[in-house]
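Trainee: quick one: sequence and predicted model below, then my questions.
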Amino acid sequence: MLTFHSPGQSLPTWPKATHGDREDLKPFVTIADTLARVPKRLPDHMKQYTPRPGSIPPNADEPLRQCITGTGGEGDIHPWEDRSFNMAELALLAGFPPRHRFPALSKTVLRKMIGNAVPAEAFVPFVAESVKALKETDLQLLSDLDQERKVPGGCKDNAMRID
């Protein structure tokens, strides 16, 4: 994820961890946990997958270790079958909620759409931290301007207005 900032703008902090190995955090979500959330009734386009005979499957009792990419990624191997994840499984592993609906497109287009997306549930914490950093910088700038106005020879009240 890329963020851009102007000179003088403070960078946002990373959102606080919610999952991990510490006692105060929720446990990591495993592949099996995620696959258990796949809706039972899927539209045909979300059932699409690619055969992967002879692939070494991941351990379903661990989190997915690879990124979901526009091609599915190196980790696009189902743990119990000789195939890739289907489109619904891939979307859940990428962070989409089970209720998310995708258009009826080919698996190539759907993989690219899923792999290039940042689901809202994953993006919201980053946006919240960015907004917080912007507000903090604005407050600091306003405080600095207020101090300049109080110092003899500083900025005159009408010389610079921020509305």
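Mentor: Okay, I see it.

Trainee: residue ranges with poor pLDDT in the protein?
Mentor: Scanning the chain for pLDDT under 70 picks out the ranges 1-5, 151-163.

Trainee: pop the domain breakdown of it in here.
Mentor: Taking automatic domain parsing as the domain assignment, the ranges for the chain are 17-117, 119-163.

Trainee: looking at those, which is nearest to Pro7?
Mentor: Nearest to Pro7 among the domains of the chain is domain 119-163; the distance by Cβ to Cβ comes to 10.9 Å. Quick note: C-beta positions are derived from backbone N, CA and C, even for glycine.

Trainee: picking up where we left off before, now the domains of the chain as JSON lines including mean neighbour count?
Mentor: As requested, these are exported to JSON lines (neighbours: other Cβ atoms under 10 Å):
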{"stretch": "domain 17-117", "mean neighbour count": "15"}
{"stretch": "domain 119-163", "mean neighbour count": "11"}
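
Trainee: just the helices in this protein please.
Mentor: Along the chain, the segments classed as helices by DSSP state H run 31-35, 87-93, 107-116, 120-150.

Trainee: how close does the spatially most central residue of the chain sit to Pro98?
Mentor: For the chain, the residue sitting closest to the mean C-alpha position, by Cα atoms, centre = their mean, is Ala122 at 3.4 Å. Counting by Cβ to Cβ, to the nearest Å, the separation of Ala122 from Pro98 is 15 Å.
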